[in-house]
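Engineer: Sequence first, predicted coordinates after that:
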Amino acid sequence: MPAPLIWLGAAALGAYTANKTNTNYLKRKQIIDSMPGESNFISKPRNGSVVTCGIYGVLDHTGIWVDGNIYELSGSGLVRCVSADRFLTDRSGETIYVACDLNNRPLSDSQAAVRARSLLYTALDYHLVNENCHKFVAEILANTTVSITSFSDLNTFLSTHYETPIRWNRAKINFR
């Protein structure tokens with residue numbers, strides 16, 4: 001019985017180490033300025049902003065902010081609109097972060113909000129690696145198919161798309 005727990009612990013440690021190494025690379029390349037939890041700034045999301053929260057300290061979940069709610073691709077493949085509270089439910093994080101520029105202005109695209117709304121209750125393919133929430137968010141912003149599998153890939157996409165390093169600030173949200 002202890003062996004599976006050791007393997008699980010080793011896998012989690014490996015993922016954590018890989019994330020730290022990747023974060024350092026993104027910072028050196030000026031793709032990101034700060035990861036979620038590193039910035040002391042608080043920014044209010046705007047329609048079409050990208051938001052994220054942590055999942056048990058290893059993964060990140062992303063969505064698009066629209067009218068005080070978040071459009072996300074759920075694990076079942078359903079595009080749904082959830083409250084900020086629901087976005088955090090069953091995840092480890094208690095905080096939502098918003099992608100900002102170096103002046104702490106949320107990066108947003110009003111047309112992305114329109115595209116997200118148009119997909120509400122649509123069933124899409126879902127796969128943890130190949131068809132996930134990060135790819136969903138990037139495709140909403142790009143309005144085309146993109147090749148994204150990770151939060152790191154999404155940060156690279158956002159930095160290129162908005163032509164700025166990404167600073168993940170705590171989101172100023174009125175929880176219901």
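Structural biologist: Arrived safely, thanks for sending. In this text the structure is predicted, and so the values were computed from the model without any measurement.
Engineer: Which residues does the most centrally placed residue in the chain form beta bridges with?
Structural biologist: Among the residues of the chain, Thr62 comes closest to the average C-alpha position under Cα atoms, centre = their mean, at 2.8 Å. Note on Thr62: beta-bridge partners Thr52, judged by DSSP bridges.
Engineer: quick one: contacts for Leu120?
Structural biologist: Residues near Leu120 by Cβ atoms under 8 Å, 6 or more residues apart in numbering: Tyr71, Val79, Arg80, Cys81. Bear in mind the C-beta positions are built from the backbone N, C-alpha and C, glycine included.
Engineer: If we go by neighbour counts, what in stretch 70-82 is buried?
Structural biologist: Ile70, Tyr71, Glu72, Leu73, Ser74, Val79, Arg80, Cys81 (16 or more other Cβ atoms under 10 Å).
Engineer: Tell me which of the residues you listed fall in helices.
Structural biologist: Nothing among the buried residues of stretch 70-82 maps onto helices, per DSSP state H.
Engineer: Using CSV, write down the CA coordinates of stretch 48-55.
Structural biologist: This file holds the C-alpha atoms of stretch 48-55, laid out as CSV (Å, rounded to 0.1, in the frame of the first residue of the first chain):
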residue,chain,number,x,y,z
GLY,A,48,-12.9,39.2,-22.5
SER,A,49,-10.1,39.0,-19.8
VAL,A,50,-8.4,35.6,-19.2
VAL,A,51,-8.7,34.4,-15.6
THR,A,52,-7.1,31.4,-13.8
CYS,A,53,-7.1,29.6,-10.5
GLY,A,54,-5.0,26.8,-9.2
ILE,A,55,-5.9,23.1,-9.0
